[in-house]
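*Asks:* Next one to model:
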Amino acid sequence: MVPAFASGRGQDILRILHREAPHLEVHYDGMGTRVTLDWMEHPDFIREAAGLQKTWRWCRRVSSKSDRKKALDADVIVTTSGMLDGGPVIWYLNRLRHSSANGILLTGYQAEGSGGRMLLERRKLRIFGRITPVELEVDQFTLSNHAGHSELCSFARDCAPKHLVIFHADQEAREALSEEIAQEMKVHLPVNGTELRLS
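*Replies:* Next up is the predicted model:
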């Protein structure tokens, strides 16, 4: 099983599997299926849109309870949530954790306090409210979609917006980005639950 983030990572994993192991039966479940459909409605904004469409036709999409049960026999299940904090991945792991023939391939950062971090550090996972031992092989691969400080500053400068909103980073990183580029554009560091008006 490959837990994957719905936007970007899931599609990357499907493309890699299609390219490297097209003989495998791969099932795709979770919010990423809807995200992918939305993406494919806008092919001009997708790198190698034809390749994504070909990958989409190749994999089997899970869209019902019966599809989910069939996926249990697949070679690979790619599903949300990438940090093992909810979603279909919990349903699958609850059923697959009993067989040592199964394994978990983590493909992204596992934040402190996340289910994925607990799995890596303690070989346990919260499954339907209970801390449960998971004695499967667990591997972690680094497939980061994140840019570093200098890349983010360069990207912001290249776009040259009047306003820049930084919302998906820890406070220290947000402040460091703001300090570097605040002379060039208006930088906003919103807090969850507050309204931000740009004029």
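*Asks:* how about the strands of the protein, start to end?
*Replies:* Assigned by DSSP state E, the strands in the chain fall at 2-3, 26-29, 60-61, 76-79, 103-106, 124-127, 130-133, 137-140, 163-165, 186-188.
*Asks:* Check what contacts the first one and list those residues.
*Replies:* Judged by C-beta atoms under 8 Å, 6 or more residues apart in numbering, the contacts made with strand 2-3 from elsewhere in the structure are 13, 76-84, 89, 104-107, 116. Quick note: C-beta positions are derived from backbone N, CA and C, even for glycine.
*Asks:* Now with 7 Å, please.
*Replies:* Strand 2-3 is contacted by residues 13, 76, 78-79, 81-82, 84, 89, 105-107, 116 when judged by C-beta atoms under 7 Å, 6 or more residues apart in numbering.
*Asks:* What of the third one?
*Replies:* Contact partners of strand 60-61, identified using C-beta under 7 Å, 6+ apart, comprise 25-28, 33.
*Asks:* And the residues you listed, which of them are buried?
*Replies:* 26-28, 33 (16 or more other C-beta atoms under 10 Å).
*Asks:* Closest to residue 191 out of these?
*Replies:* Nearest to residue 191 among the buried ones among the contacts of strand 60-61: residue 33, at 32.1 Å, using C-beta to C-beta.
*Asks:* in stretch 60-77, what counts as buried?
*Replies:* For stretch 60-77, the neighbour count (16+ other C-beta under 10 Å) marks 62, 68, 71, 74, 76-77 as buried.
*Asks:* Now do residue 193, the pLDDT please.
*Replies:* pLDDT for residue 193: 85.
*Asks:* To clarify, my last question referred to residue 196.
*Replies:* Note for residue 196: predicted pLDDT of 89.
*Asks:* Next: residue 146.
*Replies:* For residue 146, pLDDT reads 68.
*Asks:* quick one on the thing from earlier: from the strands of the chain, which stretch is densest packed?
*Replies:* Greatest average neighbour count among the strands of the chain goes to strand 2-3 (a mean of 28), per mean count of other C-beta atoms under 10 Å.
*Asks:* And that one, how far out from the chain middle?
*Replies:* Relative to its parent chain, strand 2-3 has a centroid offset of 9 Å by C-alpha atoms, centre = their mean, to the nearest Å.
*Asks:* Strand partners (parallel or antiparallel) of it?
*Replies:* Applying DSSP bridges, strand 2-3 is found paired with strand 76-79 (parallel).
*Asks:* State the mean pLDDT of the partner strand.
*Replies:* Strand 76-79 shows a mean pLDDT of 98.
*Asks:* what's the answer for stretch 161-177, then?
*Replies:* Confidence over stretch 161-177 (mean pLDDT, whole number) is 89.
*Asks:* which residues of the chain fall in helices?
*Replies:* Shown for the chain, the helices assigned by DSSP state H span residues 9-20, 31-40, 49-58, 65-71, 88-96, 115-122, 149-159, 171-181.
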